[in-house]
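Participant: quick check, what structure comes out for this input:
(chains A, B, C and D)
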Number of protein chains: 4
Amino acid sequence: MLDTLKITVYRANLDLVNEGLVIQTWGNVSGRDNETGLIVIKPSGLSYKSMKPDDLVVIDMEGNVVEGKYRPSTDAPTHLMLYREFASIGGIVHTHSTYATSWAQAGRDIPAFGTTHADHFYGMVPCTRKLTEYEVHKEYESNTGKVIIERLGIFDPLAVPSVLVNSHGPFSWGIDAEDAVNNAVALEEIARMAFYTVLLGQREPVDKYLLDKHFSRKHGKDAYYGQKKEK
Amino acid sequence: MLDTLKITVYRANLDLVNEGLVIQTWGNVSGRDNETGLIVIKPSGLSYKSMKPDDLVVIDMEGNVVEGKYRPSTDAPTHLMLYREFASIGGIVHTHSTYATSWAQAGRDIPAFGTTHADHFYGMVPCTRKLTEYEVHKEYESNTGKVIIERLGIFDPLAVPSVLVNSHGPFSWGIDAEDAVNNAVALEEIARMAFYTVLLGQREPVDKYLLDKHFSRKHGKDAYYGQKKEK
Amino acid sequence: MLDTLKITVYRANLDLVNEGLVIQTWGNVSGRDNETGLIVIKPSGLSYKSMKPDDLVVIDMEGNVVEGKYRPSTDAPTHLMLYREFASIGGIVHTHSTYATSWAQAGRDIPAFGTTHADHFYGMVPCTRKLTEYEVHKEYESNTGKVIIERLGIFDPLAVPSVLVNSHGPFSWGIDAEDAVNNAVALEEIARMAFYTVLLGQREPVDKYLLDKHFSRKHGKDAYYGQKKEK
Amino acid sequence: MLDTLKITVYRANLDLVNEGLVIQTWGNVSGRDNETGLIVIKPSGLSYKSMKPDDLVVIDMEGNVVEGKYRPSTDAPTHLMLYREFASIGGIVHTHSTYATSWAQAGRDIPAFGTTHADHFYGMVPCTRKLTEYEVHKEYESNTGKVIIERLGIFDPLAVPSVLVNSHGPFSWGIDAEDAVNNAVALEEIARMAFYTVLLGQREPVDKYLLDKHFSRKHGKDAYYGQKKEK
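Facilitator: Predicted structure coming up:
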């Protein structure tokens, strides 16, 4: 079942490795089937090298395995929390990519320091609060989703398609798995630039009017970047 | 039309990716045809992987599309401002390359810290002032060109073939598209070295007489680097 | 003799190069044969490019060459000290990988700054004290093993599978040579992240309860990361 | 003439590119023929991609071109100064490799922070004084050699086979061109580690007795690293 989605999510998982966002088994991608609401997700701990599209696991929105011979990613409950909260998203990526994770480990939001950032994220990439001891002991992975949602607050998840989990690493998402990977790639690069920018002494984010301009060049009804979408 | 120039500009665009200056669609190259004055430029938002030479757009100096099925890069008005101002240049590159962009985000000129810099840039690589809110709202891309020209001032654009746009990233140029890419590559590397040099505590630029010596070894009538040009 | 182990250790040595942990001849891997207690180790100073599985040296636990036409790695006495002390380990890796070595050169433990670290190391990666002049002059390589054991103290070597030798570089180990390489790869990446994390101003390690959670997700009887082991 | 040496020096030049030490035409290698005392050196400004072994230039110790259709590297007078001063060296490399150049731009010696450094350099890698205005105007390239020799002082050039030229970049050498490249590779990596080590707060170099131990493990009559040399 969901063979096309499995191939999409499979390729998105391999893209994490090809883009240098993941070593060993430090990441996972999932995708949502819009018709059935079922989720296709990477199996836990499986090597990217040996993984095949059919190894991916199909789960329902409560986390029950619908199809697949493997356990789903241990982070599946985090993915499900986000899918339940954000109807607009169709793909989720979790990585421990180097620079984004370093910001998460420092417990700091990534400021919007320039137009590269503004092209992809409407404002800073926020970092969650730390989970409490109770939240870690009881349903840790679901609570990871909870603090992401709490931190994102009223923002449109497609306008700020990444959050850093404190002491942990980034989660990114998008309209589908491929879009989510693109956002994870952009996140890592803007995290890297922001790191250098801070070391060069910058403390102030980009002017609000420049942030607005660049984000709206690429997103929303007045966007004029790229080619006209076919209808 | 302009098939040879299209292939040159096409290759120059791909070189940005091969040289590690561009990920996703974060950059563009244009080239000028000296006879007609027409410009060949990358289409907006098109993937480097799928782009073909015939996809490039031909525009005139007022920005009208003369040939091509795609919209030109949204940065085309910036390119045109520079071509109109600087008769000596035949190619322009815009990237968000990591280190040069970080200096731009910090709002800092890149000091000439050594002979590597001096071999390519006659003095610091200047960073523009920020655009005002009005300049961002009204003809943003043209005004980006305007502040570059304003910042370059009386300098020969071929002696300082790059400027950083504040909070944005670098523009580089040259006698043609290939030369512009070479300058963009050199810029990124000297931006990287300058970053490390600053962290190692250096605050003073290279001695003026050493800057003069190295620049004049490679450029101008007394240059003795390289081989004699064929006539 | 030990042909299978030789191939395993040979591949593990080449993996150091492929993973970017070693340039020139700056590293070595050994593996222990559980039945005979013999050790297979890289020859000293041999190029990774020209090395063949049969070039590996077989030594006994006193360091006598049992088979092989080459001298064993000069670090062999360090490996042997660790094998003698830690019955649970079957493979050892020594590298001068960039970030781990920089922490060693700074004489600093690598703090556990996040879950990436906690997934692989139960607490900080400790750095040894410096060797005394006497310890360097007399049996230097054995004494290197001695300070590693001294620093690891009561910790389970498989829970903290790496130590930094002060002013020198990292040693990593595991249940076999392949596992040891995986730990060396993880060490280098967490050393890199920790470096950036420190520069971003973080001074405090991850909460103890989050460290416990992530380590126990992957290790020990209650682990639920990955797939059920076949019996 | 000197066809074997030309191939050696040709390959050594390409190795600079393959090892990531050189972009564009920012580097050169030369080698000395022990019988005739003639030098084979890279032509000035020639692209590494199109260069062939026969393009290399043969010069004598006064810098006269003995064979070759191209001009020799503009840095040839620096190479010649070093060959004349140091009878023991048979190959010289000049690069603008990123980290070594950054230390040179900062005007700082690279401290011996650990055993990786000590395996290759017996003590710090020294940085020259700046050239005076007169030295830059009159015989700049020869004077570059002069300040290198001045800075190296009484040290054995094969014990400290690299010097940083202030505001410029590194020169490395060795018993032949290949050895010189190996030293340039080691230099860049120890420059990189030293940069990170400094940022992690280390100010003190490695203990003298550990420096002595590691250097003498690999060099000199009591060396026991590597395999016995065939006679």
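
Participant: got the buried residues for stretch A:126-144?
Facilitator: Across stretch A:126-144, burial judged by 16 or more other C-beta atoms under 10 Å in any protein chain shown covers A:126-128, A:130-131, A:135-136, A:140-141, A:143-144. In short, each C-beta sits where N, CA and C put it, glycine included.

Participant: from those, which ones fall inside helices?
Facilitator: A:135-136, A:140-141, A:143-144 (DSSP state H).

Participant: closest to residue B:62 out of those?
Facilitator: Nearest to residue B:62, judged by C-beta to C-beta, of those is residue A:144 at 54.0 Å.

Participant: so what's the nearest residue to the closest one once chain neighbours are set aside up against?
Facilitator: Leaving aside its chain neighbours, residue A:144 sits nearest to residue A:78 (4.6 Å; criterion: C-beta to C-beta, 6 or more residues apart in numbering or on different chains). Residue A:78 sits next to A:94, A:141-142, A:144-145, A:148, A:171 when contact means C-beta atoms under 8 Å, 6 or more residues apart in numbering or on different chains.

Participant: repeat that for residue A:33.
Facilitator: Residue A:33 is in contact with A:2, A:5, A:39-40, counting by C-beta under 8 Å, 6+ apart.

Participant: and it, how far is that from residue C:218?
Facilitator: From residue A:33 across to residue C:218, the span is 30 Å (C-beta to C-beta, to the nearest Å).

Participant: what segments of chain A are helices?
Facilitator: For chain A, the helices defined by DSSP H cover A:3-18, A:76-85, A:98-106, A:115-118, A:133-137, A:140-152, A:177-199, A:208-218.

Participant: who touches the closest residue to residue A:30 other than its chain neighbours in this structure?
Facilitator: Leaving out its chain neighbours, the residue that sits closest to residue A:30 by C-beta to C-beta, 6+ apart is residue A:41, at 3.8 Å. Contact analysis of residue A:41 by C-beta under 8 Å, 6+ apart lists A:9, A:28-31, A:56-57, A:59, A:72-73, A:76, A:79.

Participant: so the residue of chain A found nearest chain D versus chain B, what's the distance?
Facilitator: Nearest residue of chain A to chain D (C-beta to the nearest C-beta) works out as residue A:199 at 9.4 Å. According to C-beta to the nearest C-beta, to the nearest Å, residue A:199 stands 7 Å off from chain B.

Participant: that residue is in contact with residue B:199, isn't it?
Facilitator: Yes: look at residue A:199 against residue B:199 with C-beta atoms under 8 Å: they come within range, at 6.6 Å.

Participant: any shared contact partners between the two?
Facilitator: Counting by C-beta under 8 Å, 6+ apart, residue A:199 and residue B:199 have no contacts in common.

Participant: ok, the residue of chain A found nearest chain B - contacts?
Facilitator: Using C-beta to the nearest C-beta, the single residue of chain A nearest to chain B is residue A:226, 3.0 Å away. Residue A:226 sits next to A:218, B:44-46, B:71 when contact means C-beta under 8 Å, 6+ apart.

Participant: filter these down to the buried ones, PyMOL style.
Facilitator: Buried residues within those, by 16+ other C-beta under 10 Å, are selected in PyMOL with:
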select buried, chain B and resi 44+45+46+71
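
Participant: so which of the contacts of residue A:226 are also by chain C?
Facilitator: Of the residues in the contacts of residue A:226, proximity to chain C by C-beta under 8 Å from any C-beta of the partner chain holds for none.
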